[in-house]
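> Generate a structure from the sequence data that follows.
(4 chains)
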There are 4 protein chains.
Amino acid sequence: MLTINRLSHSDALILIDGAREKSRDIGIPMCISIVDESGNLIAFERMDGGKVTSITISQDKAFTAAAAKKATHEYNAANVPGNLAFGIHTEVGGRLSSVGGGLPVVVDGEVVGGIGLSSGTPAQDMECAEAGLKYFKRTIE
Amino acid sequence: MLTINRLSHSDALILIDGAREKSRDIGIPMCISIVDESGNLIAFERMDGGKVTSITISQDKAFTAAAAKKATHEYNAANVPGNLAFGIHTEVGGRLSSVGGGLPVVVDGEVVGGIGLSSGTPAQDMECAEAGLKYFKRTIE
Amino acid sequence: MLTINRLSHSDALILIDGAREKSRDIGIPMCISIVDESGNLIAFERMDGGKVTSITISQDKAFTAAAAKKATHEYNAANVPGNLAFGIHTEVGGRLSSVGGGLPVVVDGEVVGGIGLSSGTPAQDMECAEAGLKYFKRTIE
Amino acid sequence: MLTINRLSHSDALILIDGAREKSRDIGIPMCISIVDESGNLIAFERMDGGKVTSITISQDKAFTAAAAKKATHEYNAANVPGNLAFGIHTEVGGRLSSVGGGLPVVVDGEVVGGIGLSSGTPAQDMECAEAGLKYFKRTIE
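Modelled structure (predicted):
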């Protein structure tokens, strides 16, 4: 039997709080998704004005980051023609996202979940996802 | 030009609060989905212990209730062999739910969103969805 | 943070061994799927002669049993016209199975995974899934 | 009438054994999929710690290698803008994989199945898939 550590719902809300605050700072209403270590959704928020397409995109970014244990912008760097990973973005029914904005949530060296942001530019999405992680780390310490 | 009335994200959180409280009362951790009048997700919560399958099912119930402007248990009543609506549950890629637990959110006679619950029996899911609606109506009045 | 118990790959092989032995006893080559507590595949075996359709069906049965924490034959009993759960089988992209042969793997009162069998009649599939569970329980005690 | 040569389940286990040994050598827990000459799954193993996304990706790599009779890294080489094969990775519902790590299993000049690895870098996945083939060839000779 394996023992797995996983974000709780209250952990997920902390991550969302941190990401939302940064979204407000930069003036971009976001879709924010938090998944568990297996990639399954725990909490979702579409801020008023967040994009409809981003409902799915933010979930797929969070899914990818947690289930593949890798930030989506790292897949982005590898997903270029000629690289042996090229084409990875159509996998898992197209859910494997190579668009910046998905980050694994790592505690004590272990992936316990993922956060995905969408509605801004990928750089803005990444900035808000990072803010969620930072706020979470400050809060749980 | 049309003017549409739609739940805000803060409205969605009120609906979730009411549904969550009833879920705790009956001791069943639920997945709770709130969608807008177009059926698009605004907020989602998987209480610790909510079922993985219910992530999708609660969303589909809320989607059906809002987008079709009809409670999922009403589709259930119609979805019987011999009735002209039989088979409706495979529509929209199987997202049209005929399982009890999805209710439209109606304000001033107009559908402004939907709420979907899943993880208990359909009767329990319906009870918690109703509790969300009741708490919302008390709060906004 | 939550702490979750999950089948290991070696646990999964024990479950398959028990199910395969019963399959041989009754002379029906089966597809056997073992998933973790979140419904994700850990191990799969198509015995020589197992059906191609059963590759997916056995996985969906195991997924349903683990992720919904309920045997697929229990969904079958509820999935009848007039019952409030009718139509549940088209949910989660049609992956929610109401065909007998999927059982949750429960250890100390907690769902840690699921087993799904397919290629025989549902009764045969259920018999072999049960045999997998029994062999697993004998082995880990 | 055609007579088809196809990997048996016991052949599939040999291929997995060889791939798993190399995975352990390099310290990367892998998802390992073996399919028959038609691309249908015979056996699957997710080593403890293998990625959830790789469950599907390893299957798609094995599927592509067997059903298209071509290594996925050969598709990768062709899947570059300007080449007439560019875009092939979205075919078959996105299952046609152009990510390294899928190899056809060839016996006497004939494709009898496929092996797909995923969870490492494409180069690591390829190395482990090759190890599976080599071990299989040594064993059956």
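> Output the helix or strand that contains A:Leu15 in CSV with nothing but the alpha carbons.
The secondary structure element spanning A:Leu15 is helix A:9-26 (assigned by DSSP states H and E). Only the C-alpha atoms of helix A:9-26 are listed here, as CSV (Å, rounded to 0.1, in the frame of the first residue of the first chain):
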residue,chain,number,x,y,z
HIS,A,9,-10.1,21.8,0.1
SER,A,10,-9.0,24.4,2.6
ASP,A,11,-5.4,24.3,1.2
ALA,A,12,-7.0,24.9,-2.3
LEU,A,13,-8.8,28.0,-1.1
ILE,A,14,-5.5,29.4,0.2
LEU,A,15,-3.9,28.9,-3.2
ILE,A,16,-6.9,30.6,-4.9
ASP,A,17,-6.7,33.6,-2.4
GLY,A,18,-3.1,34.2,-3.4
ALA,A,19,-3.7,33.9,-7.1
ARG,A,20,-6.8,36.1,-7.0
GLU,A,21,-5.0,38.9,-5.1
LYS,A,22,-2.4,39.1,-7.8
SER,A,23,-5.0,39.0,-10.5
ARG,A,24,-6.7,42.0,-9.0
ASP,A,25,-3.4,43.8,-8.7
ILE,A,26,-2.7,43.4,-12.4
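> quick check: longest strand of chain A.
Longest strand of chain A, by residue count under DSSP state E: strand A:110-118.
> Buried residues, it. List them.
A:Val111, A:Val112, A:Gly113, A:Gly114, A:Ile115, A:Gly116, A:Leu117, A:Ser118 (16 or more other C-beta atoms under 10 Å in any protein chain shown). All C-beta spots, glycine's among them, are computed from the backbone N, C-alpha and C.
> Same question for stretch A:68-82.
When burial is assessed from 16+ other C-beta under 10 Å, stretch A:68-82 yields the following buried residues: A:Ala68, A:Lys69, A:Lys70, A:Ala71, A:Thr72, A:His73, A:Glu74, A:Tyr75, A:Asn76, A:Ala78, A:Asn79.
> ok, back up a step: spatially, which two of the buried residues of strand A:110-118 are the most separated?
A:Val112 and A:Ser118 (21.4 Å; C-beta to C-beta).
> For the nearest residue to A:Ala131 once chain neighbours are set aside, give me its contacts.
Spatial nearest neighbour of A:Ala131, excluding adjacent residues (C-beta to C-beta, 6 or more residues apart in numbering or on different chains): A:Lys22 at 3.4 Å. Residues in contact with A:Lys22 (C-beta atoms under 8 Å, 6 or more residues apart in numbering or on different chains) are A:Glu127, A:Cys128, A:Glu130, A:Ala131, A:Gly132.
> mind checking pLDDT for A:Gly27?
At A:Gly27 the predicted local distance difference test score is 98.
> and the gap between it and A:Glu45?
A:Gly27 sits 17 Å away from A:Glu45, going by C-beta to C-beta, to the nearest Å.
> more crowded one of the two?
A:Glu45 (26 against 8; other C-beta atoms under 10 Å in any protein chain shown).
> bridging residues for the more buried one?
A:Ile32, B:Ala43 (DSSP bridges).
> A:Leu15 is in contact with that one, correct?
No - using C-beta atoms under 8 Å, A:Glu45 and A:Leu15 do not qualify as a contacting pair, with a distance of 10.4 Å.
> ranges for the strands of chain A?
A:2-6, A:31-36, A:41-46, A:102-107, A:110-118.
> Output those strands as a markdown table; include the columns distance to C:Phe63 and mean pLDDT.
Shown next, in a markdown table, are the strands of chain A (distance: least, C-beta to C-beta, whole Å; pLDDT from 0 to 100):
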| stretch | distance to C:Phe63 | mean pLDDT |
| --- | --- | --- |
| strand A:2-6 | 18 | 97 |
| strand A:31-36 | 16 | 98 |
| strand A:41-46 | 16 | 98 |
| strand A:102-107 | 24 | 98 |
| strand A:110-118 | 20 | 98 |
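> Please identify the buried residues of the helix holding A:Leu15?
For helix A:9-26, using 16+ other C-beta under 10 Å, the buried residues are A:9, A:11-20, A:22-23.
> what does stretch A:115-133 give?
The neighbour-count check on stretch A:115-133 (16+ other C-beta under 10 Å) flags A:115-120, A:122, A:124-133 as buried.
> Compute the distance from the centre of stretch A:11-26 to the centre of its chain.
Average the C-alpha atoms of stretch A:11-26, do the same for its chain, and the two points are 12 Å apart (C-alpha atoms, centre = their mean, to the nearest Å).
> ok, now stretch A:112-126?
5 Å.
> quick one: terminal-to-terminal distance for it?
Counting by C-alpha to C-alpha, to the nearest Å, the length from the leading to the trailing residue of stretch A:112-126 is 19 Å.
> How about it and chain C, touching?
Yes - with C-beta under 8 Å from any C-beta of the partner chain as the criterion, chain C is reached by stretch A:112-126 at A:Val112.
> ok, which residues in chain A are in contact with chain D?
Proximity of chain A to chain D is confined to A:2, A:38-39, A:64, A:66-69, A:81-82, A:84-88, A:90-94, A:96 under the rule C-beta under 8 Å from any C-beta.
> could you check the distance from A:Gly18 over to A:Leu103?
On the measure of C-beta to C-beta, A:Gly18 and A:Leu103 end up 12 Å apart.
> A:Met47: neighbour count?
Taking other C-beta under 10 Å as the neighbour definition, A:Met47 ends up with a count of 20.
> low pLDDT regions in chain A?
Per-residue confidence for chain A (pLDDT under 70) gives no ranges below the cut-off.
> and it, which of its residues are near chain C?
Counting by C-beta under 8 Å from any C-beta, the residues of chain A that sit close to chain C are A:1-8, A:11, A:36, A:38, A:40, A:107, A:112.
> Just among these, which is most surrounded?
Counting neighbours by other C-beta under 10 Å, A:Asp36 comes out on top of these with 29 neighbours.
> Name whatever forms a beta bridge with the spatially closest residue to it that is not a sequence neighbour.
Across the structure, with C-beta to C-beta, 6+ apart as the measure, the residue nearest A:Asp36 apart from its sequence neighbours is A:Arg6 (4.8 Å). Beta-bridge partners for A:Arg6, by DSSP bridges, are C:Leu2.
> need the contact list for A:Arg6.
Residues in contact with A:Arg6 (C-beta under 8 Å, 6+ apart) are A:Asp36, A:Glu37, A:Ser38, A:Val112, A:Gly113, C:Met1, C:Leu2, C:Thr3, C:Ile4.
> Go through these and name the one nearest chain D.
When those are compared for distance to chain D (C-beta to the nearest C-beta), A:Ser38 comes out closest, at 5.6 Å.
> Which residue is the nearest non-sequential neighbour of the closest one?
With C-beta to C-beta, 6+ apart, the residue lying closest to A:Ser38 is C:Ser38, at 3.9 Å.
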